[in-house]
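*Asks:* here's a sequence, model it:
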Amino acid sequence: MTTTEVSAQLGMLDRLMAVANATQDGDEILRQSLAIVCEAYGAELAAIYLIEEHASGATGLYLAAQHGIGHAIAGMQQIDRHGTFGQVCIDALKMLALPVSELRDDALAQSLAACDCEAVVGLPLLAHTEPVGCLILGVDAATLQERDHSFLRTMGRAIGLAIDNARLYQQMERRLRESQTLYDISRALSSTLDLDALLHQIVRLAVDTIGNADNGVLHLLDEETGELHPRALSFVGEVRPDRSGRSGMRIGEGVAGIALERGELMNVPDVSKDERFVRVGEMRHFASMVVVPLKMAERRLGTLSVDSKRPNAFTVSDEHLLTTLATQAAVALENARLVHDLQKSLLDLRQTQSQLIQSAKLSAIGQLIAGVAHELNNPLTAVMGYTQLVQTTPDLDRSIRRDMQKIYDQADRAAKIVQNLLTFAREYRAERQAVDVNEVLRRTLDLRLYQLQVENIIIETNFSSDSLITWADGNQLQQVFLNLINNAQDAMVAHRGGGYLRLVTEREGDRIRIDVIDDGPGLSSEARQHLFEPFFTTKEVGRGTGLGLSICFGIVSEHGGEIQVHSERQKGTTMTVFLPMAPQEQLQSLAVTDKELPCISPSAQQPSCRTLIVEDERDVAHLLQRLLLDQGYEVVLAANGQEALCVLGTDDHSFDLIISDIKMPGLGGCELYTHLEEIAPEMRRRMLFITGDTLSPSTSAFLQHRGLPHLDKPFTLMELTRAMEKLLNDDIVSASLINAGD
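*Replies:* Next comes the predicted model:
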């Protein structure tokens, strides 16, 4: 070899080293190295293939740089590792030089022949004895001498080292970028605990981090149904609500469902060739995708996926980076969920506390109502009783009789209001029976009538003339109707200080329809959608708890009915309740036989018929005394149970009848009855209780448990007379009186 040739070879090596030192861009190193080699040997065709591992795990020789290759070879992006030139990389120290005529690769032979190449050289590219690829060079056999083989091997090592250094540099740079990216991701994910904002941020970071990603989607798992709901999408501006029906995907179905079920990443290089891929919708198309499951310990949260319009878009490095992002995202999601659950629990606690306070207020109001009702019932009994007595006066002036009737009517109205308050405020066990819907609705309207009128609300009722009987708890139905009337009242008064309220009932087949119609402001579509949800209210803060209609919905549903709303803005609202008609066999329970008992005239009474009245209200006691004296009874008064026991202990004559109040200072009616069970058991069968305290659970339980006859104050004189006659005409009492007479 001449000095000139040696100098030329050293010059080429120097140029190759200069290229490696000038840049760390692998593509640029390959391009310039290939140009230097082609220039040195006058090659018209050259290519460099590098060993690469694809994300699928396959290892092959992929075209990295080319010079003068015809169209046929340009399309050959990969060569077989086990083929002619693939063996060069296996046997790293072997250089292959063949005449073109001996090539088995027809496409390569044609391209070389077209370039007037007589021989082809396969040169291994080495980095510290490890192959990184091979260089294929088409040359004129006359220009390639045996001495060039050693020099070509040296060039292969130089190019291989340059490639390896560039790769190491690029890996270092990529790791630095990934570390910075993961740091940025960590900061970004820890910057918010708002779930929607976090979902959107995770998808954005995934698309920005994975270089070839065009779009990303985050699905969350519905643990109850197994459905995967798409919550955040890079191509959609807002986070979607957590509702089913968006994608139809489930765990174990589709690429995302399978990835979540197995708990492992899935890289699909070509979705068109993968049977597991399920396309959702026709608006967006992509060629490849990577899906990674979101898991926290063993708990499955959902999936994070990125996709690309290009096939084979995602590398092993992309997989590692997306997996790391998914791990951090899962922790952030779990933290956000815990915070969200905690906030919801705190909100529920506040609402529960508010409800408990409200419940305590209602309980206190109920106790207050009970006390007020008891205090009102006594004077109302006296007023109603004395007006009736005055009306029985012979030759009473007609104008005075009319005035007495007005007094009685107003007292009776007050008594009904008190009774409605007691019925509504009472704590009771829900009991179903045949109930007249019209009667319950009338009673409810009476409870609100005055307030509706003073707030300028015109009321129209159109109740069906048919018997509308349903099997229900009347008090619960009253609660439903009261809520609906109150809501209509509040809406109309807030809208324009008054309005028009219609209550309509009718029978529709085997159902009862009740309409509560107002001409208020109406409801928005959003309000109609959430109207029956707990804690939803259209009222201003402090005016509503958002529980009224949800309770109504529950009550009506439990009774086998339904409640509907029809409303238009500025046109009012119609609340419709449907209840089932009571079956025929249940209707028979309403057929109560009410036989008139004959009035007992004074002459018909036995001379020994004596009555003990135990009543602490003097006006009520004197009213009863006067009524019984007028009917020929012998009457003894006692102010409480203790006085009654004294009378019974000192009186030589037994009493045919004891009329007793229940709540009295000292010894009450219940205690008096208990004493009689011990000292005079026959007398307890002759007791008639009168009380204004039926709201009390103890009073109600006492009367119902023993099945004792009683009258609720205020009562009419006719009701009292009938109750006394029924008790006196009882077979047992009659037998007892006969035996006593004997």
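*Asks:* please enumerate the strands of the stretch 251-400 of the chain.
*Replies:* 266-268, 288-296, 299-308 (DSSP state E, counting those that start in this stretch).
*Asks:* and the ones you listed as JSON lines, adding distance to Val504?
*Replies:* For every residue, glycine as well, the C-beta is placed using N, CA and C. As requested, the strands of the stretch 251-400 of the chain are arranged in JSON lines below (distance: least, CB to CB, whole Å):
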{"stretch": "strand 266-268", "distance to Val504": "62"}
{"stretch": "strand 288-296", "distance to Val504": "55"}
{"stretch": "strand 299-308", "distance to Val504": "51"}
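*Asks:* mean pLDDT and mean neighbour count added to the ones you listed, as TSV?
*Replies:* Listed next are the strands of the stretch 251-400 of the chain as TSV, based on pLDDT from 0 to 100; neighbours: other CB atoms under 10 Å:
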stretch	mean pLDDT	mean neighbour count
strand 266-268	90	23
strand 288-296	90	24
strand 299-308	90	23
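*Asks:* quick one: closest of the ones you listed to His229.
*Replies:* strand 299-308 (8.2 Å; CB to CB).
*Asks:* what is the closest one packed up against?
*Replies:* Packing partners of strand 299-308 (3 or more CB pairs under 8 Å, 6 or more residues apart in numbering; DSSP states H and E): helix 195-209, strand 215-221, strand 228-233, helix 254-262, strand 288-296, helix 316-391.
*Asks:* tally of neighbours for Leu441?
*Replies:* Per other CB atoms under 10 Å, the neighbour tally for Leu441 reads 22.
*Asks:* in the strand or helix carrying it, which residues are buried?
*Replies:* Using DSSP states H and E, Leu441 sits in helix 437-454. Within helix 437-454, the residues scored as buried using 16 or more other CB atoms under 10 Å are Val437, Asn438, Val440, Leu441, Arg442, Arg443, Thr444, Leu445, Leu447, Arg448, Leu452.
*Asks:* beyond that helix, next helix or strand please.
*Replies:* strand 457-462.
*Asks:* buried residues, that following strand. List them.
*Replies:* Ile457.
*Asks:* give me the next element, helix or strand, following it.
*Replies:* Assigned by DSSP H and E, the successor of strand 457-462 is strand 469-472.
*Asks:* just checking: what are the partner strands of that next one?
*Replies:* strand 433-436 (antiparallel) (DSSP bridges).
*Asks:* any stretches of the stretch 451-600 of the chain with poor pLDDT?
*Replies:* Along the stretch 451-600 of the chain, segments meeting pLDDT under 70 span 529-530, 532-548, 584-600.
*Asks:* where do the helices sit along it?
*Replies:* 474-496, 525-530, 548-558, 584-587 (DSSP state H, counting those that start in this stretch).
*Asks:* which one of those is the most hemmed in?
*Replies:* Ranked by mean neighbour count under mean count of other CB atoms under 10 Å, these are led by helix 474-496, which reaches a mean of 20.
*Asks:* okay, the angle between it and helix 437-454?
*Replies:* 30 degrees (axes from the mean of the first three to the mean of the last three CA atoms, to 10 degrees).
*Asks:* if I look at Cys527, how far off is Arg569?
*Replies:* One thing to correct before we go on: residue 527 is Ala, not Cys. According to CB to CB, to the nearest Å, Ala527 and Arg569 sit 10 Å apart.
*Asks:* save the buried residues of helix 437-454 as JSON lines, and put in distance to Ala582 too.
*Replies:* Below are those laid out as JSON lines (distance: CB to CB, whole Å):
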{"residue": "Val437", "distance to Ala582": "10"}
{"residue": "Asn438", "distance to Ala582": "13"}
{"residue": "Val440", "distance to Ala582": "13"}
{"residue": "Leu441", "distance to Ala582": "16"}
{"residue": "Arg442", "distance to Ala582": "18"}
{"residue": "Arg443", "distance to Ala582": "18"}
{"residue": "Thr444", "distance to Ala582": "19"}
{"residue": "Leu445", "distance to Ala582": "22"}
{"residue": "Leu447", "distance to Ala582": "24"}
{"residue": "Arg448", "distance to Ala582": "26"}
{"residue": "Leu452", "distance to Ala582": "30"}
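*Asks:* fine by me, thanks again.
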